[in-house]
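Colleague: Build me a structure from this.
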Amino acid sequence: MFTCALSLSVAFAQVPQSKSSASNTSDRIFSERLKTIAGVQAIDCGTTSSLKPEDSVAACGQKAFHDHKAFFLAYETRYGESLNFAYGLAGDTSGNVFAASYKGGLPFPAVAPDRHTQLFDDNHTWVAECTKPVTLDKTTRGLLACITPVNREESDKVAHQTPVDTTVCAVLENPALFNNKLVRLRGHFSGNFEYSMLSGDGCKDALWLEYGGGGAPPSLAIHVGGGARPGSEDPDGKWILPVPVNLVRDSRLERFEKQTQAMAKADADYEKEHPNEFVSHCVTATFIGRIDAVSPAIHEFRKKQKTMGRSNSDGLGFGQMGEFEAQLIVQSVVNDAALAVCSE
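Modeller: Have a look, this model is predicted:
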């Protein structure tokens, strides 16, 4: 894997990064990246719309990969004449396949989302090595993509773990340490129609909170999720499935939800009665659930961003707009939930 990554870096280093190269169109920049990875003898399987992809592009890529031939292909999303976003695959004669994404306008955040990805073109291009053994298949939208192999043995092991006691602050201090772990922790739930947060005593940030099996507390109505994915991976890059979490619907959950509804009403009533003041109510309880967390690289990147006074607006995390570095997927509420004033 490291050999392939090194080869990719060398290949991209051969692409000129001069001002004249910067003046090329976005189309050319992305296509040249794919060609460089695949090699000069690679089959050009074509470029098509990502909204209405032509089946022939995927079929060409699958055949070339099956025949052990180098290839490249691309899918584009345009805004008028400008290339807004592009995604593509490039495979070489050694059977290595790389997935690339290009973003026009504002670049990607200046941190790789995982250890398989590298950034190029002033952070406008992501290139990720596909995990071996490489399998190509079409997505539900008809785009050819690499399917990450699953480590079934490790997935089965983590599925049978028991909860460990921790705190919200401990998770926020080192999110990756708790990724794909079952935990038991106490926290203060707060939120509104687009936020669902669990905070702890002694730390400023919060976890995103959702229910196992889908759904969330009744105060949350709608939100736009981030780019982080639950689960973990083994040393070879194979996917370890997220610990399965099914919400236990019992009297304790029922009390928590009633208190959450009361929290929303208390916030609204106070705002009406004291329009120039701010008070936030919360619901305190102990929960058991799974932690999903961002990578150590993203955690460290965000720490540096905070020192410069910047927010978590990169979309790389969980919850609303990917703002949160970790989320708790609730399995059960352990004790009676209590409504209180948490900040004023």
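Colleague: helix/strand/coil for the residue lying closest to Val224 once chain neighbours are set aside?
Modeller: Among residues not flanking Val224 along the chain, Met321 sits closest, at 5.6 Å (C-beta to C-beta, 6 or more residues apart in numbering). Heads up, the C-betas are built off the backbone N, CA and C, glycines and all. Following DSSP: H, G, I helix; E, B strand; the rest coil, the label given to Met321 is helix.
Colleague: Number of residues surrounding Met321?
Modeller: Neighbours of Met321 under the rule other C-beta atoms under 10 Å: 18.
Colleague: State the distance from the nearest residue to Glu129 once chain neighbours are set aside to Leu143.
Modeller: Sequence neighbours aside, His116 is the residue nearest to Glu129 in space, at 5.0 Å (criterion: C-beta to C-beta, 6+ apart). To Leu143, His116 is 19 Å away according to C-beta to C-beta, to the nearest Å.
Colleague: if I pick the residue nearest to Val224, what's in contact with it?
Modeller: By C-beta atoms under 8 Å, 6 or more residues apart in numbering, the residues touching Met321 are His223, Val224, Gly226, Ser313, Gly315.
Colleague: can you check Val168 too?
Modeller: Leu185, Arg186, Gly187, Leu198, Ser199, Gly200, Cys203, Ala206, Leu207.
Colleague: so what's the second one closest to, chain neighbours aside?
Modeller: Of all residues beyond its chain neighbours, the one nearest Arg186 is Thr286 (4.4 Å), with distances taken as C-beta to C-beta, 6+ apart.
Colleague: What strand or helix carries that neighbour?
Modeller: Element membership for Thr286, per DSSP states H and E: strand 280-293.
Colleague: Can you give the strand pairings for that strand, parallel or anti for each?
Modeller: strand 181-191 (antiparallel), strand 326-333 (antiparallel), strand 338-343 (antiparallel) (DSSP bridges).
Colleague: In PDB, list the C-alpha atoms belonging to it.
Modeller: What follows is strand 280-293, C-alpha atoms only, in PDB (Å, rounded to 0.1, in the frame of the first residue of the first chain):
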ATOM      1  CA  SER A 280     -30.900  27.100  27.500                       C
ATOM      2  CA  HIS A 281     -32.600  24.100  29.000                       C
ATOM      3  CA  CYS A 282     -31.300  20.500  28.700                       C
ATOM      4  CA  VAL A 283     -32.100  17.000  29.700                       C
ATOM      5  CA  THR A 284     -29.600  15.000  31.700                       C
ATOM      6  CA  ALA A 285     -29.400  11.300  31.500                       C
ATOM      7  CA  THR A 286     -27.000   8.300  31.200                       C
ATOM      8  CA  PHE A 287     -26.800   6.600  27.800                       C
ATOM      9  CA  ILE A 288     -25.400   3.400  26.300                       C
ATOM     10  CA  GLY A 289     -24.500   3.600  22.600                       C
ATOM     11  CA  ARG A 290     -21.900   3.500  19.900                       C
ATOM     12  CA  ILE A 291     -19.400   6.200  19.200                       C
ATOM     13  CA  ASP A 292     -18.600   7.100  15.600                       C
ATOM     14  CA  ALA A 293     -15.600   9.400  15.300                       C
END
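Colleague: Helix, strand or coil: sort out the residue positioned nearest the centre of the chain for me.
Modeller: Residue closest to the mean C-alpha point of the chain, counted by C-alpha atoms, centre = their mean, is Ala228 at 1.3 Å. In three-state terms, and counting by three-state DSSP, Ala228 is coil.
Colleague: Quick check, it in contact with Gly319.
Modeller: No. Ala228 lies out of contact with Gly319 (C-beta atoms under 8 Å); the separation is 9.0 Å.
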